[in-house]
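Trainee: Sequence and predicted structure, then a few things I'm wondering about:
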Amino acid sequence: MPFTDTWDAAFEAAPADSEDINLGANRIRHLKVAVRERMQVDHVWEDAQEDGKHNKLTLVPQTGAPPASSPDAFLYTQTLAGFTELLYEDSAGNIMQLTQGGFLYPFAINDFSVGQDLAVANNAVVGETLSVGADFVVDFALFASNITGNTTVQFGANNYITFLRATNQIQIVCNGVVVQTFG
């Protein structure tokens, strides 16, 4: 969205000290327009109940990590391997890359380990190995009345565990073949 005026040193220097005082009201209105145009990029504006709240957050990619500044932390973007990625830096200067190639970063790498609880609301894709520890539990909520269809946990193209709602059975499928049915 192009702005009416470029906000630069010349814009900030106006009005000149020698300018007629009767132009002041017009200059004030002009400044208000310049501020509103810029604030509307990411913010709600001209709505008494919502003014100042964010519509979205636009982050300009940085060329590198911001310098650590205790007690501050930073959320920023940087172009890495051709993608604009989201990163977080804590107050000690530790950097965590949050995305990679359009995916949440931990799910984009080959191996993903879960130490405690893993909850997936919809679909999750793991590149190769999902390590979940000795006490991994797949909870299909067998008695949940709101589950009307089958529920599947996929471990590769033809390997999965499915809860069949119609029969209240659990099937384990390896290489496309049902190897065990429970229930």
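Mentor: Nice, I can see it.

Trainee: Surely V33 and T4 touch.
Mentor: Yes. The criterion here is Cβ atoms under 8 Å, and V33 meets it with T4 at 6.2 Å. Backbone N, C-alpha and C define where each C-beta goes, glycine included.

Trainee: The two - which one has more neighbours?
Mentor: Higher neighbour count among V33 and T4: V33, with 12 against 9, using other Cβ atoms under 10 Å.

Trainee: which element follows the helix or strand that that one is a member of toward the C-terminus?
Mentor: In this structure, V33 sits in helix 24-39 according to DSSP states H and E. Using DSSP H and E, the helix or strand that follows helix 24-39 in sequence is strand 74-80.

Trainee: distance of Q180 from C174?
Mentor: Using Cβ to Cβ, to the nearest Å, we find Q180 at a distance of 9 Å from C174.

Trainee: Just say helix, strand or coil for N22.
Mentor: helix (DSSP: H, G, I helix; E, B strand; the rest coil).

Trainee: Is G64 in contact with Q78, as I believe?
Mentor: Yes. Shown here, G64 and Q78 form a contact pair, counting by Cβ under 8 Å, at 7.1 Å.

Trainee: More neighbours: which of these two?
Mentor: A direct count of neighbours by other Cβ under 10 Å for G64 and Q78 places Q78 higher, at 18 against 7.

Trainee: For burial, what's the neighbour tally of the residue nearest to that one when sequence neighbours are not counted?
Mentor: Sequence neighbours aside, Q62 is the residue nearest to Q78 in space, at 5.1 Å (criterion: Cβ to Cβ, 6 or more residues apart in numbering). Q62: 13 surrounding residues under other Cβ under 10 Å.

Trainee: ok now do Q62, which residues does it touch?
Mentor: Shown in contact with Q62 (Cβ atoms under 8 Å, 6 or more residues apart in numbering): Y76, T77, Q78.

Trainee: how close does it sit to T77?
Mentor: From Q62 over to T77 (counting by Cβ to Cβ), the distance is 7 Å.

Trainee: do P61 as well
Mentor: 5 Å.
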